[in-house]
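A.B. asks: Please find the sequence and the predicted model below.
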Amino acid sequence: MMKKLVLGALLSFGMLSFSQNIKVQKGSYCKGISGKSADSGSGSGTFTRFYDTCVINGITYKNVALEYGANMAIYRETKIEQKNIVSNVKKFLNTKLEKNDVSILKPGITLEYEKNAEIINVPFTGNKWPDEGASRSDTEEVTKDRFYIEDIYPIEADKLNKK
């Protein structure tokens, strides 16, 4: 009996932590920006936009974190495509979005999806990264449905109103 209980708990925990890859189809978007997060010197190179809703391949997800991994370690070590990486991060963090604006996702990219992921949020409220940043003292842990992509800028277009 105890073995079954332990096995069941391990399986349940394992199922919660699995992620899956989703290839984005045309027409996928996120709307209802509710915040942004910067790695703020942690060195992770992960930058996040929080949305109320994302519709990806016709499926609606609520309370979403769209994470863009800009691979800052490679940028710092080799300076390869430095301008491109910095430009993309600036665009991702500095684009001023209103609550009713929509971000169209690039079709064909593959996002890693994890339901109810624990995310470290370092709130970024400015519009001038890297000249202004977030305070690590404001860091909080949040639970969101997480979509992650590394090295490929995930947004095709921003600021499109969609009713």
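C.D. replies: All right, it came through fine.

A.B. asks: Strands of this protein, start to end?
C.D. replies: 20-23, 29-37, 46-56, 59-69, 101-105, 110-121, 140-150, 155-161 (DSSP state E).

A.B. asks: Of those strands, which is nearest residue 88?
C.D. replies: Closest to residue 88 of these, according to C-beta to C-beta: strand 59-69, at 7.6 Å. Backbone N, C-alpha and C define where each C-beta goes, glycine included.

A.B. asks: In the chain, where is pLDDT below threshold?
C.D. replies: 1-17, 39-44, 71-83, 132-137, 161-163 (pLDDT under 70).

A.B. asks: Please repeat the previous calculation with a cut-off of 80.
C.D. replies: By pLDDT under 80, the low-scoring segments of the chain are 1-18, 39-45, 70-86, 125-127, 129-138, 151, 159-163.

A.B. asks: just to revisit the earlier point, output the strands of the chain in CSV, with mean neighbour count and distance to residue 85 appended to each entry.
C.D. replies: Output for these, formatted as CSV (neighbours: other C-beta atoms under 10 Å; distance: least, C-beta to C-beta, whole Å):
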stretch, mean neighbour count, distance to residue 85
strand 20-23, 11, 23
strand 29-37, 20, 17
strand 46-56, 21, 11
strand 59-69, 18, 10
strand 101-105, 21, 19
strand 110-121, 16, 19
strand 140-150, 17, 11
strand 155-161, 14, 15
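
A.B. asks: So which of the ones you listed is nearest residue 90?
C.D. replies: Short answer: strand 46-56, nearest of the strands of the chain by C-beta to C-beta, at 10.0 Å.

A.B. asks: the inter-axis angle of that closest one versus strand 29-37?
C.D. replies: Strand 46-56 runs at 160 degrees relative to strand 29-37, counting by axes from the mean of the first three to the mean of the last three C-alpha atoms, to 10 degrees.

A.B. asks: quick one on the thing from earlier: select, out of the strands of the chain, the one closest to residue 127.
C.D. replies: The nearest among the strands of the chain, by C-beta to C-beta, is strand 29-37 at 9.4 Å.
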